[in-house]
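> fold the following for me, if possible:
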Amino acid sequence: MADVARSVMNQAQALRDFSAETLSALVKIPSPCGKEEAVCRAIAGMCRDAGCSEVRFDGLGSVLARVGSGPRMLAFDAHVDTVGVGDPAQWELDPFSGLVADGRVHGRGAADQKGGAAAMIAAARILAATGCPDEFTVHFAFTVFEEDCDGLCWRFLVEREGLRPDLAVCTEPTSCRLYRGQRGRMEIEAAVRGVSAHGSAPERGESAAYKAARATLAMERLNEGLPSDEFLGKGTVVVSKVDVKGPSLCAVPDQGTVYLDRRLTWGETADGALAEVRRAMGSDAASVAMPRYEAKGWNGATYAQDLYFPAWKIDAGHPLVAAGRDAHRRLFGRQPEVGRWTFSTNGVAICGTHGIPTIGFGPGDEDKAHAPNEFNRVDDLVSCSAFYAQLPFALAGRSS
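Down below sits the predicted model:
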C-alpha cells in the first residue's frame, strides 16, 4: 500500500501543470445552470483523453466517466454549473480569464466547483494508468443544475438512470479537509393577503405590507429558538425576499409574499419546518407552502422536485471515513482535519435522500464560493487528485 501511495503522489505531482491548465480551460467556459453544454462536451473529451473506459451523457446532460469494472461502485461528484458574476466592478480580473499565476487559478467557478472537476480528471488519468483495485468501479460524475437545485442531478441519476453507487465523494471545496455531513435546507413561500383601499384613506383597507412586516419579524424570533446538533450546528431561517403590491403606488397593497431560506439541522423535517412557520406567522399568512422546482437541461430534458434537501451525516467511525483518513495519512503523512460544510451540496440527494454513504474532500475554500475574485490553489488540485486516486486502494477490503 505504501508503494501505491508513493506512486499515486508522484503521478499527481507530475500532473500539476495539467491540473492547473485543465481548471483554467474549464473556467474559461461560462456554464450557468441549464447552459452547461459547452463545458460538459469539453469535459467528456478530457475524460476520453484521460483513458476512461466509458464516457457518456446521462439523460439530463451530466457527464459520466468510468474507470475499472469491479463489483463495488465508488462515485466522485463535481457540479460544473456556476452562479453568475454579480457586479463586474468587484472583480480585479476578467471572471472568465482562467489566469494561472502565483500558484492559483483565477475565475468564476475555480473553487465552486470546477476545481473538483479538474482534480477528478487528473485522478482518472492516474487510475487509468495505475489500474483500479479489482474490487471497484470508479465513476466520475460531472453534474448539472446544482446551483439552482442542489441534488436534482443525483435524484435523476439514481431514480431515472438507476446509477446507485455504494459509496460517494463530493468534491465541493473543503480546503482539503475531510467532511462527513452538512445541514439540509428548504425553501418556503408564505402568501399574505390584504384589502386594497385608496392611499388617502388607509383605514378603509387592510395592508398586506404590514402583515408581511409582522411575518418577517416573526421569523427573526423563530430563528432564535431553532434546535442545534452537536456536529451539524444550528437550524436557521432567513427571510430572503419580501414582495408586496397593490393596484397602484397610491393604494393600500393587497397581496404579497415572504420568501424563506430555511437551513435544517439533524432531525428536522420539511413538515415540521412548515408547521413552525405557520404557527409563528399566525393569521398574517394566508398560506405557507414549499415551492417546486422544474428545470430544462441543455439537452432539452426536464426534471422537477420539491425544494427540500435533507440534512445528512455519516458516523465518524464509518469505513468510508476511516478509508479517507488512511488515504490522507499515507499520502501526506498526517491525519486530516474532519468537519462539515456550512453550505449545501449534492450530498443532500446522494446521502440525505438515498442513504449512500458520502464524504467530502475538495480543493479550494468554501468562502470563495459565489464571491468576487474567486480562485483555487494549484497545490489543492494536486492534493485532491492524489486523494481521489488513492481512496479506492484505501477502501479495498473494507466493508461498507
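> would you list every one of the helices in the chain?
Taking DSSP state H as the test, the helices found in the chain are 2-14, 16-27, 37-50, 114-130, 152-159, 208-224, 270-281, 319-332, 347, 378-395.
> mean neighbour count, those: which tops it?
helix 347 (a mean of 33; mean count of other CB atoms under 10 Å). In this view, the C-beta of every residue, glycine as well, is placed from N, C-alpha and C.
> chain center to that helix, what's the gap?
Mean-position distance between helix 347 and its chain equals 7 Å (CA atoms, centre = their mean, to the nearest Å).
> in a markdown table, list the helices of the chain along with mean pLDDT.
Shown next, in a markdown table, are the helices of the chain (pLDDT from 0 to 100):
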| stretch | mean pLDDT |
| --- | --- |
| helix 2-14 | 94 |
| helix 16-27 | 98 |
| helix 37-50 | 98 |
| helix 114-130 | 97 |
| helix 152-159 | 97 |
| helix 208-224 | 98 |
| helix 270-281 | 98 |
| helix 319-332 | 98 |
| helix 347 | 98 |
| helix 378-395 | 98 |
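> dump these into a markdown table; add distance to Pro253 as well.
Formatted as a markdown table, these follow (distance: least, CB to CB, whole Å):
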| stretch | distance to Pro253 |
| --- | --- |
| helix 2-14 | 59 |
| helix 16-27 | 44 |
| helix 37-50 | 42 |
| helix 114-130 | 43 |
| helix 152-159 | 34 |
| helix 208-224 | 5 |
| helix 270-281 | 17 |
| helix 319-332 | 52 |
| helix 347 | 40 |
| helix 378-395 | 50 |
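> and of the ones you listed, who's closest to Pro173?
Of all the helices of the chain, it is helix 114-130 that lies closest to Pro173, at 6.9 Å by CB to CB.
> the closest one to helix 378-395, inter-axis angle?
Between the axes of helix 114-130 and helix 378-395, defined by axes from the mean of the first three to the mean of the last three CA atoms, to 10 degrees, the angle is 50 degrees.
> list the contacts of the residue nearest the centre of the chain.
Among the residues of the chain, the one closest to the centroid is Thr345, at 2.6 Å (CA atoms, centre = their mean). Applying CB atoms under 8 Å, 6 or more residues apart in numbering to Thr345 gives the contacts Glu146, Asp150, Cys170, Glu172, Gln182, Gly360.
> ok, now with 7 Å
Asp150, Cys170, Glu172, Gln182, Gly360 (CB atoms under 7 Å, 6 or more residues apart in numbering).
> Leu99 contacts Glu92, doesn't it?
No: look at Leu99 against Glu92 with CB atoms under 7 Å: they stay out of range, at 10.3 Å.
> between the two, point out the one with more neighbours.
Leu99 (17 against 8; other CB atoms under 10 Å).
> of all the helices of the chain, which one is nearest His106?
helix 16-27 (7.6 Å).
> could you export that closest one as CSV, CA atoms only?
The C-alpha coordinates for helix 16-27 follow below in CSV (Å, rounded to 0.1, in the frame of the first residue of the first chain):
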residue,chain,number,x,y,z
ARG,A,16,0.5,19.6,-11.5
ASP,A,17,0.6,21.8,-14.7
PHE,A,18,-2.0,19.5,-16.3
SER,A,19,-4.4,20.0,-13.4
ALA,A,20,-3.9,23.8,-13.4
GLU,A,21,-4.4,24.0,-17.2
THR,A,22,-7.5,21.8,-17.0
LEU,A,23,-9.1,24.1,-14.4
SER,A,24,-8.1,27.1,-16.4
ALA,A,25,-9.8,25.7,-19.5
LEU,A,26,-13.0,24.9,-17.6
VAL,A,27,-13.1,28.4,-16.0
